[in-house]
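J.: Structural data only, the sequence is not supplied:
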């Protein structure tokens, strides 16, 4: 089945220690997104890639970076995690925005990040 | 500015009774509307989407939603709740235009009691 895969599902890191979260997709979608979701809140968009074009949300901290080496993979790098960065991180994909139709986003299962 | 309001943060129903989760949106243009469900420690799963083809939209697991432009509402319903329906539900708007940024409601937590 075509899907969005996130690894690991649970990640524990130490305060200030860099961490990388991984997302891959078999849907061949052009657009990939990273969201942060804190407990009992809606997901918050951090950034997205349209093909190789990176689009950062205005309020995303510099501490968060992303890489997309190819269509299938996208990484979220947190350079110096703080206690406030503990959250669920969701990856999502959608089809080419220039194609006609309503393009829902397909979400992965998420990575729950704990910062000690 | 476009926004989504989910009118109930928590809804509790008994198994076998109807479910109603309320959502109102604010949009200058014809939006795309979605309902997503999130079970604990899981990602979001699409329940249904409004594409302007029909105002009554049927989704998975027996859910449906009706788009009412005059009321700017997109309420989610199910005739008979099942224990497995207990989850967080998000009403989501995608404003018209090329950018696929979604606007999420705050979510409604549905509890289903035996």
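T.: Perfect, I can see it now. Note that this is a predicted model, so its numbers are computed, not measured.

J.: So residue A:55 sits against residue A:45, correct?
T.: No - the pair residue A:55 / residue A:45 is not scored as a contact, 9.5 Å apart, by CB atoms under 8 Å. To be clear about C-beta, it is placed using only N, CA and C from the backbone, and glycine gets the same treatment.

J.: Look at these two and report which has more neighbours.
T.: More crowded of residue A:55 and residue A:45, by other CB atoms under 10 Å in any protein chain shown: residue A:45, with 20 against 14.

J.: moving C-terminal of the stretch of helix or strand that one belongs to, what's the next helix or strand?
T.: Using DSSP states H and E, residue A:45 sits in strand A:44-50. Sequence-wise, the next helix or strand downstream of strand A:44-50 (DSSP H and E) is strand A:53-56.

J.: sorry, back to before: elements contacting the strand holding residue A:45?
T.: Packing contacts for strand A:44-50, counted by 3 or more CB pairs under 8 Å, 6 or more residues apart in numbering or on different chains; DSSP states H and E, involve strand A:31-37, strand A:53-56, strand A:64-67.

J.: give me every residue that touches the spatially most central residue of chain A.
T.: By CA atoms, centre = their mean, chain A has its centre lying nearest to residue A:34, at 2.5 Å. Residues near residue A:34 by CB atoms under 8 Å, 6 or more residues apart in numbering or on different chains: A:23, A:45, A:46, A:47, A:48, A:64, A:66, A:74, A:76, A:89, A:90, A:91.

J.: Quick check: end-to-end length of stretch A:33-41?
T.: Stretch A:33-41 has an end-to-end distance of 18 Å (criterion: CA to CA, to the nearest Å).

J.: separation between the residue nearest to the centre of chain A and residue A:63?
T.: Distance, residue A:34 to residue A:63, by CB to CB, to the nearest Å: 13 Å.

J.: which residues in chain A form strands?
T.: A:4-7, A:10-13, A:19-25, A:31-37, A:44-50, A:53-56, A:64-67, A:73-78, A:87-94, A:106-107, A:111-115 (DSSP state E).
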